[in-house]
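Chemist: sharing a model prediction with you, sequence too.
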Amino acid sequence: MPLPDSGLPALRRRTVLGAAAASAPAVLGLSARASAAPSAKKPRLLPGGGDLGPNVLVFDPSTPGIQAKLDEVFTQQESAQFGTGRYALLFKPGTYNGLNAQLGFYTSIMGLGLSPDDTTINGDVTVDAGWFNGNATQNFWRSAENLALVPANGTNRWAVAQAAPFRRMHVRGGLNLSPTGYGWASGGYIADSRIDGQVGPYSQQQWYTRDSAIGSWLNGVWNMVFSGVEGAPAQSFPNPPYTTLDTTPVSREKPFLYVTGSSDLRVFLPEKRTNARGVTWGNGTPRGTSLPLSQFYVAKPGVTAATLNQALTQGLHLLLTPGIYHLDRPIQVDRANTVVLGLGYATLVPDNGVTALRVADVDGVRLAGFLIDAGPVNSPTLLEIGPRGASRDHSANPTTVQDVFVRIGGAGAGKATTSMVINSRHTIVDHTWVWRADHGTGVGWDTNRADYGIVVNGDDVLCTGLFVEHFNKYDVQWYGQRGRTIFFQNEKAYDAPDQAAIQNGSAKGYAAYKVGDGVTAHEGWGLGSYCYYNVDPTIVQHNGFAAPNRPGVRFHDLLVVSLGGKGQYEHVINDTGAPTSGTSTVPSTVVSYP
């Protein structure tokens, strides 16, 4: 397809949230070339390739008015937390001068080179919190990818909360993760990135950085986790609260768009790494394979699930352009090595209680870059990786779930019994935020009922960067053997009406992270759970973590926090760890268990 030139508690508060209803900006410099016409024998074949629609804006260094267009999108999206606008901002290789790309909700900015250094912005990609009075705890759903930045004042500001990945970025300077004024902040995730200078979290409560290189790291509040990061601070939890792994056991970077010398778009598929450390692109061309856009069905909002499934049956992959997609049946991925890639927080809404997407027990599926938003009729599940009982070995070519986010409520009443079920062995979940909304519309203990966040039944599953919050019962349940989690962030549901509502048999409350009684091997590093029971501050949570007490089930660097004394924990894991107390928001920690 040619591209022609052209340290404080996160006490979240509901605010006035605008709906993004403005019309979409016109697309810049994008034309279409679909694959060859179907043969006469198969007149109904769907074409591959095509244009990326009105909400993908493509720039090159000669494009006039780039800053004005960036400002136009930001003005629309800055406070549209539960609006309908979705945008992807794509920059062709070259050098861009004097830009400040401020990112609002549901906005992704990315370069179109094979290396971040192919696309340089002499300027900034900024996330700040002026729209919310300097509070960055609701700066969700935005992303930056595959760019080199030379910040105007030497330091780029990226004050994000959850679901806001910073991937394949090269910052030729420093990176400030806090908002102007150092207000509350609750992020965050960096992967496959190089920050030449210092990373300053300042007020960020927690953060996970994977397979990157940094000049230095300034500080930590509660839980800062690093795996495979050159320049990371030494292991020192809880003071300072650094959990540092020399390598990441298994990783495979997210697929990404790039443009060839002949201006054709392709999707690059990075290869799997074991014991990974540092960036994938340090020596120029990354290792992996690529696919032409003609092998993708380029989906637009309004397409039916039946058409998406027809495209998959034909052997096409899916590229979901920005927008909202209503589904009357699940998207069914049955073919090994299928790619489903979303742009600009493409959003899947399952109607009438269906599951949004199911993956068969096959090798090498890559799901990346989209949001699943539960519908008003309860869905038993929203995302299923493998069928129940899946047992095939996928160690050589695992399925990856990356920047796939789930929301129940907030944009309207939504319900789902279980958000994500992982049955296939060796699945890698690399950065997700699975969120039962605590603010917005359609929010209440039973209004956006969602009992369980993630359930892992498959063996040998790895989660890197796991954010799961506010479920009515367990946030994470893990029944597979040999599971591993590197970094976990959780808040228990704010809105439990009383102690009886969360009672789990004889136990006070459901643990945030529960390892099944039959599990003999499991390991976790850098896991935190927080409570803020603002409806009934007298609620007592027995623990944040529950697991079998046996040598093969091991945890490193656990913490629980009572936010402002709204509820308390009796222990950290099982019956181990000191209780929280008072209103001082001081973590209770366990460095090693058992």
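Modeler: Sure, I can see it.
Chemist: excluding sequence neighbours, find me the nearest residue to residue 94.
Modeler: Once flanking residues are discounted, residue 94 sits nearest to residue 61: 4.0 Å by C-beta to C-beta, 6 or more residues apart in numbering. For the C-beta atoms, the positions are set from N, CA and C on the backbone; glycine is no exception.
Chemist: tell me which element the one you found falls in.
Modeler: Assigned by DSSP states H and E, residue 61 falls within no helix or strand.
Chemist: number of residues surrounding it?
Modeler: Residue 61: 15 surrounding residues under other C-beta atoms under 10 Å.
Chemist: gap between it and residue 108?
Modeler: For residue 61, the distance to residue 108 equals 20 Å [C-beta to C-beta, to the nearest Å].
Chemist: same question, residue 51
Modeler: Relative to residue 108, residue 51 is positioned 18 Å away (C-beta to C-beta).
Chemist: same question, residue 555
Modeler: Distance of residue 555 to residue 108, given as C-beta to C-beta: 34 Å.
Chemist: in space, what's closest to residue 188 - neighbours in sequence excluded?
Modeler: Excluding the flanking residues, the one nearest residue 188 by C-beta to C-beta, 6+ apart is residue 207, at 4.7 Å.
Chemist: quick one: the one you found is in a strand?
Modeler: Yes: according to DSSP: H, G, I helix; E, B strand; the rest coil, residue 207 belongs to a strand.
Chemist: in contact with it, which residues?
Modeler: By C-beta atoms under 8 Å, 6 or more residues apart in numbering, the residues touching residue 207 are 177, 187, 188, 189, 190, 201, 223, 224, 225.
Chemist: still on that earlier bit, so what's the residue nearest to residue 94 up against?
Modeler: Residues near residue 61 by C-beta under 8 Å, 6+ apart: 92, 94, 95, 96.
Chemist: any weak-confidence spans in this protein?
Modeler: Within the chain, the stretches with pLDDT under 70 are 1-43.
Chemist: show me the contacts for residue 480.
Modeler: Residue 480 makes contact with 422, 425, 456, 457, 458, 459, 460, 461, 519, according to C-beta under 8 Å, 6+ apart.
Chemist: in strands only, show me these.
Modeler: Among the contacts of residue 480, the ones falling in strands (DSSP state E) are 422, 456.
Chemist: what subset of the contacts of residue 480 is buried?
Modeler: Neighbour counting over these (16 or more other C-beta atoms under 10 Å) leaves 422, 425, 456, 457, 458, 459, 460, 461, 519 as the buried ones.
Chemist: distance of the first one relative to residue 384?
Modeler: Using C-beta to C-beta, we find residue 422 at a distance of 8 Å from residue 384.
Chemist: against residue 288, how distant is the residue nearest to residue 188?
Modeler: Distance, residue 207 to residue 288, by C-beta to C-beta: 27 Å.
Chemist: which helix runs longest in this structure?
Modeler: Longest helix in the chain by number of residues (criterion: DSSP state H): helix 66-77.
Chemist: tell me what it is packed against?
Modeler: Contact here means 3 or more C-beta pairs under 8 Å, 6 or more residues apart in numbering; DSSP states H and E; on that basis helix 66-77 packs against strand 56-59, strand 87-91, strand 94-102, strand 107-111.
Chemist: what comes up buried for it?
Modeler: Judged by neighbour count (16+ other C-beta under 10 Å), helix 66-77 contains these buried residues: 66, 69, 70, 73, 74, 76, 77.
Chemist: quick one: which of the residues you listed is nearest to residue 469?
Modeler: Closest to residue 469 out of the buried residues of helix 66-77 is residue 77 (22.8 Å), distances taken as C-beta to C-beta.
Chemist: contacts only, for that closest one.
Modeler: Residue 77 makes contacts with 20, 83, 85, 87, 103, 104, 105, 106, 107, as judged by C-beta under 8 Å, 6+ apart.
Chemist: got it, and residue 430?
Modeler: By C-beta under 8 Å, 6+ apart, the contact set of residue 430 is 191, 210, 251, 252, 254, 400, 401, 402, 403, 463, 464, 465.
Chemist: next one: residue 111
Modeler: Per C-beta under 8 Å, 6+ apart, neighbours of residue 111: 90, 91, 93, 118, 119, 145, 146, 147, 148.
Chemist: what's the closest of those to residue 301?
Modeler: Using C-beta to C-beta, the shortest approach to residue 301 within the contacts of residue 111 belongs to residue 90, at 18.2 Å.
Chemist: give me the neighbour count for residue 504.
Modeler: Residue 504 has 14 nearby residues by other C-beta under 10 Å.
Chemist: please name the nearest non-neighbouring residue to it.
Modeler: residue 510 (4.9 Å).
Chemist: right, and the one you found touches residue 477 too?
Modeler: No: with contact defined as C-beta atoms under 8 Å, residue 510 does not reach residue 477; the gap is 9.3 Å.
Chemist: more neighbours: the two, which one.
Modeler: Of the pair residue 510 and residue 477, residue 510 is the one with more neighbours under other C-beta under 10 Å, namely 24 against 21.
Chemist: so what does the more buried one look like in phi/psi?
Modeler: phi -90, psi 130 (degrees, to the nearest 10).
Chemist: contacting residues for it?
Modeler: The contact partners of residue 510, taken as C-beta under 8 Å, 6+ apart, are 473, 474, 475, 502, 504.
Chemist: name the helices or strands packed onto the helix or strand containing residue 310?
Modeler: In this structure, residue 310 sits in helix 305-314 according to DSSP H and E. Where contact means 3+ C-beta pairs under 8 Å, 6+ apart, helix 305-314 is packed against strand 296-299, strand 317-320, strand 331-333.
Chemist: same list (those strands) but as JSON lines, adding mean neighbour count.
Modeler: Below are the helices and strands packed on helix 305-314 laid out as JSON lines (neighbours: other C-beta atoms under 10 Å):
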{"stretch": "strand 296-299", "mean neighbour count": "24"}
{"stretch": "strand 317-320", "mean neighbour count": "26"}
{"stretch": "strand 331-333", "mean neighbour count": "22"}
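Chemist: how about those strands, which one is nearest residue 133?
Modeler: Of all the helices and strands packed on helix 305-314, it is strand 317-320 that lies closest to residue 133, at 33.7 Å by C-beta to C-beta.
Chemist: which other helices and strands contact whichever helix or strand comes after the closest one?
Modeler: Downstream of strand 317-320, the first helix or strand assigned by DSSP H and E is strand 324-327. Counting by 3+ C-beta pairs under 8 Å, 6+ apart, the packing neighbours recorded for strand 324-327 are strand 339-350.
Chemist: can you spell out which helices and strands pack onto the strand it packs on?
Modeler: strand 87-91, strand 107-111, strand 265-270, strand 296-299, strand 317-320, strand 324-327, strand 331-333, strand 366-373.
Chemist: 6 Å - rerun?
Modeler: With contacts defined as 3 or more C-beta pairs under 6 Å, 6 or more residues apart in numbering; DSSP states H and E, strand 339-350 has these neighbours: strand 87-91, strand 317-320, strand 324-327, strand 366-373.
Chemist: outside of it, which residues touch it?
Modeler: 86-88, 106, 108, 141, 255, 317-322, 324-327, 356, 366-373, 375, 379 (C-beta atoms under 6 Å, 6 or more residues apart in numbering).
Chemist: partner strands of it, parallel or antiparallel?
Modeler: For strand 339-350, the pairing partners within the sheet under DSSP bridges are strand 317-320 (parallel), strand 324-327 (parallel), strand 366-373 (parallel).
Chemist: buried residues in it, which are they?
Modeler: Within strand 339-350, the residues that qualify as buried by neighbour count (16+ other C-beta under 10 Å) are 339, 340, 341, 342, 343, 344, 345, 346, 347, 348, 349, 350.
Chemist: quick one: the helices in the stretch 401-550 of the chain, in order.
Modeler: Applying DSSP state H, counting those that start in this stretch to the stretch 401-550 of the chain gives helices spanning 499-502.
Chemist: before we move on, back to that, now the two most distant members of the contacts of residue 61.
Modeler: Farthest pair in the contacts of residue 61, by C-beta to C-beta: 92 and 95, 10.9 Å.
Chemist: between those two, which is the more surrounded one?
Modeler: Neighbour count, other C-beta under 10 Å: between residue 92 and residue 95, residue 92 has more, with 23 against 12.
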